[in-house]
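> here's my sequence, what's the structure:
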Amino acid sequence: MSHAVRVRVDLPLDENGYTELIWHCSGWIDTHVAYRIILLLETRCADPNQRDLYEGGTALMWLAYTYHEPKHRAQALRVLKALLANGADVNAVCNAGYSALHYACSCPSDLGVVTALVEAGADVGLRNREGLRPMDLHKIDDGHPAAPARHAAIVQYLHEVRAQRLRRLIERWRRAAFVVGTIARFVRGIYVEVSYRPGGVGATRAREEFEALVAAGEHTAVAVV
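Residues are numbered from 1 along each chain as shown. Next up is the predicted model:
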């Protein structure tokens, strides 16, 4: 009878603490390498959040930081999505406070990598230890001929995402304020109704306040005072 054996491969391969998963993600990713990485992830033989000993980086950070030739970008994106699907923390940071999105914006990454990270929930406003957000790192010149246009597209995209998320947050605040205001008006109407007794002290004031509430459309009940 044969038994399947699952072997962990999280042990460092060198003095920098690079595991096999990190080593593969820090280089060019062709079809064969992508297959190997996905196999490691899906068989739970490698931890996607394992960090190296040099900078505290994860496989996702190294993949985002590495330049991928056009012929390898499809496989790189495939591996990136596999990392995220198998539990990679998209907002984990290295020793310097850089997230995968920071690395993607500070190196020759294409917009596809940035978009995949943002769609997975990457925080576009996260600041590193120097106080820099991912969109602030576009000023770094990596010497690549297409760097200016590429960085401009990335920054524009991140600004649009940030603005969209801010609009959604404001809309949630408005809805919450409306609910709280409605409850407050309802409670105030009940208070006016029950706080004053017919013929007692404050009956005239109660009638005036209640009639004001009814006139404002805040209460529909009829009080007898």
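
> need the longest helix for the chain.
helix 147-195 (DSSP state H).

> now do stretch 125-140, average pLDDT.
Averaged over stretch 125-140, pLDDT sits at 84.

> any buried residues in that stretch, and which?
For stretch 125-140, burial by neighbour count (16 or more other C-beta atoms under 10 Å) applies to 126, 128, 132-138. For the C-beta atoms, the positions are set from N, CA and C on the backbone; glycine is no exception.

> rebuild the residues you listed as JSON lines, extending it with distance to residue 43 and secondary structure.
Below are those laid out as JSON lines (distance: C-beta to C-beta, whole Å; DSSP: H, G, I helix; E, B strand; the rest coil):
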{"residue": "126", "distance to residue 43": "31", "secondary structure": "coil"}
{"residue": "128", "distance to residue 43": "34", "secondary structure": "coil"}
{"residue": "132", "distance to residue 43": "37", "secondary structure": "coil"}
{"residue": "133", "distance to residue 43": "36", "secondary structure": "coil"}
{"residue": "134", "distance to residue 43": "32", "secondary structure": "helix"}
{"residue": "135", "distance to residue 43": "37", "secondary structure": "helix"}
{"residue": "136", "distance to residue 43": "39", "secondary structure": "helix"}
{"residue": "137", "distance to residue 43": "35", "secondary structure": "helix"}
{"residue": "138", "distance to residue 43": "38", "secondary structure": "helix"}
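
> which among the residues you listed gets closest to residue 173?
Of all those, residue 173 sits closest to residue 126, with 21.4 Å by C-beta to C-beta.
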